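# What follows is a protein structure lacking sequence information:
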Ligand code: HEM
């Protein structure tokens with residue numbers, strides 16, 4: 001679902017269908033995303049890099065060309081289409097790719113398709129696992145806490161009507177849904193150590209010296225579970241965010257930066273936030289959910305992958 005939301009936003013293309021047509025491409029994106037998310041010992045001990053201990057280089061060399069084949073096809077088709085006389089972008093072509101091509105055309109430049117391919121690769125890889133992990137964790141917590149699921153359902157029912165699809169313009173009228181998403185990001189940040197930083201100069205923090213050039217890793221997961229910052233941090237309690245000013249948007253609340261902060265703050269944050277609301281809101285509002293094999297919520301192992309069944313409301 002996330003893969004398609006992203007590929008439609010960037011290329012107006014159904015990447016899941018394109019991948020499904022070719023057998024050996026199945027699970028290509030999942031394998032790539034997993035390879036990139038795998039902690040790499042070589043990052044800490046650079047001399048280990050040549051051994052490719054986790055198969056990251058192997059996966060990248062295998063799967064990136066496959067994805068590029070699909071991108072090439074779509075890029076070529078679009079460029080040919082744009083060469084046609086009186087070309088006007090149809091609604092099905094109004095996407096990020098078209099916007100980039102228009103900008104470069106206005107500036108009299110030729111868009112470098114190699115760069116486009118790498119840009120979309122970065123965005124897709126950075127966006128898929130992060131967003132789908134949040135949806136999976138949120139649904140797990142909602143099934144584990146039926147009272148929170150009921151409150152979310154009630155808010156959606158009162159605001160958009162039971163079973164109706166959620167529109168982007170309605171997101172701001174759903175504060176409880178937003179609180180659920182924030183609480184999920186606090187308890188389960190998909191990038192638990194953000195991206196590594198490097199100290200530009202010697203810095204002293206609370207009596208500790210961080211020497212110039214040192215790599216700094218921020219433990220966002222640890223901050224989210226710190227009892228000195230959050231009451232009962234292991235409890236999933238969206239209401240802690242209701243009426244609170246704590247937000248991740250600017251990356252200024254150092255207690256809560258699931259999208260990072262500063263110049264390298266996640267560029268996909270706004271898109272991700274909208275996708276999360278639309279997906280979670282639609283899933284909760286369109287179906288009743290129950291655990292597989294009549295399992296009771298209290299018997300759930302929250303560390304296990306979610307196993308649940310959606311039951312149509314009507
Ligand atoms: C719930 C969803 C997401 C979360 C929690 C998340 C989180 C993050 C974090 C923590 C960083 C590092 C920022 C820092 O260290 O300051 C990051 C970087 C990045 N994210 Fe996301 N992200 C999400 C979704 C997305 C999506 C949907 C896209 C693309 C459409 C995306 C594209 C990127 C890119 C390209 C970078 C690297 C930026 C750079 O190096 O300057 N992310 N993200």
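Yep, it's here. Remember, it's a predicted structure, so these values are computed and weren't measured experimentally. Residues are numbered from 1 along each chain as shown.
# pLDDT score for residue 218?
pLDDT recorded at residue 218 is 93.
# State the number of residues packed around it.
18 (other C-beta atoms under 10 Å). Backbone N, C-alpha and C define where each C-beta goes, glycine included.
# Which residues are in contact with it?
By C-beta atoms under 8 Å, 6 or more residues apart in numbering, the residues touching residue 218 are 193, 194, 197, 257.
# Please repeat the previous calculation with a cut-off of 7 Å.
Contact analysis of residue 218 by C-beta atoms under 7 Å, 6 or more residues apart in numbering lists 193, 194.
# Which secondary structure state does it sit in?
Secondary structure assignment for residue 218 (DSSP: H, G, I helix; E, B strand; the rest coil): coil.
# Give me the buried positions along the longest helix seen in the chain.
When the chain is parsed with DSSP state H, its longest helix is helix 113-144. Buried residues in helix 113-144, counting neighbours by 16 or more other C-beta atoms under 10 Å, are found at 116-117, 120-121, 123-135, 137-144.
# cool, stretch 214-225 as well?
Residues 218, 220, 221, 223, 224 are the ones in stretch 214-225 that count as buried (16+ other C-beta under 10 Å).
# How about the second one, nearest residue that isn't a chain neighbour?
Closest residue to residue 220 in three dimensions, ignoring its sequence neighbours and counting by C-beta to C-beta, 6 or more residues apart in numbering: residue 189, at 4.5 Å.
# Quick check: that neighbour touching residue 259?
No: look at residue 189 against residue 259 with C-beta atoms under 7 Å: they stay out of range, at 9.0 Å.
# Those two: which is more packed in?
Ranked by neighbour count (other C-beta under 10 Å), residue 189 and residue 259 place residue 189 first, with 27 against 24.
# ok so, going back, which SS state does the residue nearest to residue 220 fall under?
coil.
# List the residues that contact it.
Residue 189 makes contact with 220, 221, 224, 258, according to C-beta under 7 Å, 6+ apart.
# how about the residues of the stretch 1-150 of the chain near the ligand?
Taking C-beta under 6 Å from any ligand atom as the criterion, the stretch 1-150 of the chain approaches the ligand at residues 6, 122, 123, 126, 127, 130, 131, 134.
# do the stretch 201-314 of the chain as well
Counting by C-beta under 6 Å from any ligand atom, the stretch 201-314 of the chain sits next to the ligand at 258, 259, 260, 261, 262, 264, 265, 266, 267, 268, 271, 272.
# so of those residues, which ones are in helices?
Using DSSP H, these in helices are 271, 272.
# Farthest pair within the residues of the stretch 201-314 of the chain next to the ligand?
Using C-beta to C-beta, the pair of those lying farthest apart is 262 and 271, separated by 19.3 Å.
# Give me the more crowded residue out of the two.
residue 271 (17 against 11).
# in this protein, which segments are predicted with low confidence?
Flagging of the chain using pLDDT under 70 yields the residue ranges 20-26, 89-93, 306, 312, 314.
# For it, just list every one of the strands.
Taking DSSP state E, the strands of the chain run over residues 197-198, 203-205, 208-210, 215-216, 287-291, 308-312.
# Out of these, indicate the one that is most buried.
Across the strands of the chain, averaging neighbours per residue (mean count of other C-beta atoms under 10 Å) puts strand 287-291 on top, at a mean of 15.
# That strand - which strands sit beside it in the sheet, and in what orientation?
As defined by DSSP bridges, the strand partners of strand 287-291 come to strand 308-312 (antiparallel).
# contacting residues around the strand it pairs with?
With contacts defined as C-beta under 7 Å, 6+ apart, strand 308-312 is touched by 139, 143, 287, 288, 289, 290, 291, 292.
# can you tell me how far the residue nearest to residue 224 when sequence neighbours are not counted sits from residue 117?
In space, and not counting its chain neighbours, residue 224 is closest to residue 186: 4.4 Å by C-beta to C-beta, 6+ apart. Distance of residue 186 to residue 117, given as C-beta to C-beta, to the nearest Å: 35 Å.
# Could you do residue 101 as well?
As judged by C-beta to C-beta, residue 101 and residue 117 stand 14 Å apart.
# And residue 147, by the same measure?
According to C-beta to C-beta, residue 147 stands 47 Å off from residue 117.
# which residues does the residue positioned nearest the centre of the chain contact?
The chain has residue 131 as the residue nearest its centroid, 2.5 Å off, counting by C-alpha atoms, centre = their mean. Counting by C-beta under 7 Å, 6+ apart, residue 131 touches 2, 272, 275, 276.
# Tell me, how many residues neighbour the third one?
So the one you mean is residue 275. Neighbours of residue 275 under the rule other C-beta under 10 Å: 21.
# which one in this protein is furthest away from the centre?
Residue farthest from the centre of the chain, counting by C-alpha atoms, centre = their mean, is residue 85 at 38.7 Å.
# List the residues that contact residue 165.
Applying C-beta under 7 Å, 6+ apart to residue 165 gives the contacts residue 282.
# Same check on residue 14?
Contacts of residue 14 (C-beta under 7 Å, 6+ apart): 4, 7.
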